[in-house]
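Student: pasting the sequence and the predicted model now:
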Amino acid sequence: MHKPALRPRRLAAGGFSLVELVVVVSLMGIVAMLAAPRFANLVSVLRTRGAMDQVAGDLAFTRMAAVRAGRTASLRFDGATYMVTLDNGAVAYDTLRTMSFTREYPGVYLSSTSSRIAFDSRGVLRDNAAQSVTIVRNGRIKTLRISSVGRIYRDN
């Protein structure tokens, strides 16, 4: 019996063809184009939520500072900046924290029903009237309400 001569096998060329690479890169480009607007919207949502969380945290900090110090503490709004202060009557005598929204959250606008939200030594709103803070970015509006007893609620 005659045995066939053993020929060395030729290994298949590894890798991808140029056509396969072009198709994959084109599909990735189409998917990226479809996802870009949603990603931009997500960034806007996250910045607005981050700003709301920052203000809510600073309101809670102001309330706790009032209780801890046994005196009035205020969150004072001045345009795109606000300060957390310990007060002597209606006059601020010690600034605990300052926040600039234009630097930390560009494009986010802040407004309040009052230029000063004050908590007394029991953590209750000083004016006994509910307050609210509105945060706006790209038409997205978020509202924080502070009840007369000092509770902070997130709307929207």
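Tutor: Nice, thanks for sending it over. Residues are numbered from 1 along each chain as shown.
Student: list the contacts of stretch 47-57.
Tutor: 82, 99, 101, 104-105, 107-108, 110, 133, 135, 137-138, 140, 142, 144, 152, 154 (Cβ atoms under 8 Å, 6 or more residues apart in numbering). For glycine as for every other residue, the C-beta is placed from the backbone atoms N, C-alpha and C.
Student: so which of the residues you listed belong to helices?
Tutor: Members of the contacts of stretch 47-57 lying in helices (criterion: DSSP state H): F101, E104.
Student: so where do the helices sit in this structure?
Tutor: Going by DSSP H, the chain shows helices at 18-69, 101-104.
Student: right, and those helices - which one's nearest D94?
Tutor: Of all the helices of the chain, helix 18-69 sits nearest to D94, with 8.7 Å by Cβ to Cβ.
Student: mind checking how far the most centrally placed residue in the chain is from V133?
Tutor: Centrality entry for the chain: nearest residue to the mean C-alpha point is G50, 1.2 Å, by Cα atoms, centre = their mean. When distance is defined by Cβ to Cβ, to the nearest Å, G50 is 15 Å away from V133.
Student: next one: Y93
Tutor: From Y93 to V133 the distance is 24 Å (Cβ to Cβ).
Student: what of I117?
Tutor: Using Cβ to Cβ, I117 is found at 8 Å from V133.
Student: can you check G150 too?
Tutor: From G150 to V133 the distance is 14 Å (Cβ to Cβ).
Student: quick one: which of the two has more around it?
Tutor: V133 (24 against 20; other Cβ atoms under 10 Å).
Student: let me see the contact set for that one.
Tutor: By Cβ under 8 Å, 6+ apart, the contact list for V133 reads V55, L59, L110, S111, S112, T113, I117, T143, L144, I146.
Student: so which of the residues you listed are in strands?
Tutor: Counting by DSSP state E, the part of the contacts of V133 found in strands is L110, S111, S112, I117, T143, L144, I146.
Student: among these, who's most crowded?
Tutor: In terms of neighbours by other Cβ under 10 Å, those top out with I117 at 27 neighbours.
Student: my guess is D155 meets L144, correct?
Tutor: Yes: between D155 and L144 there is a contact at 7.4 Å, judged by Cβ atoms under 8 Å.
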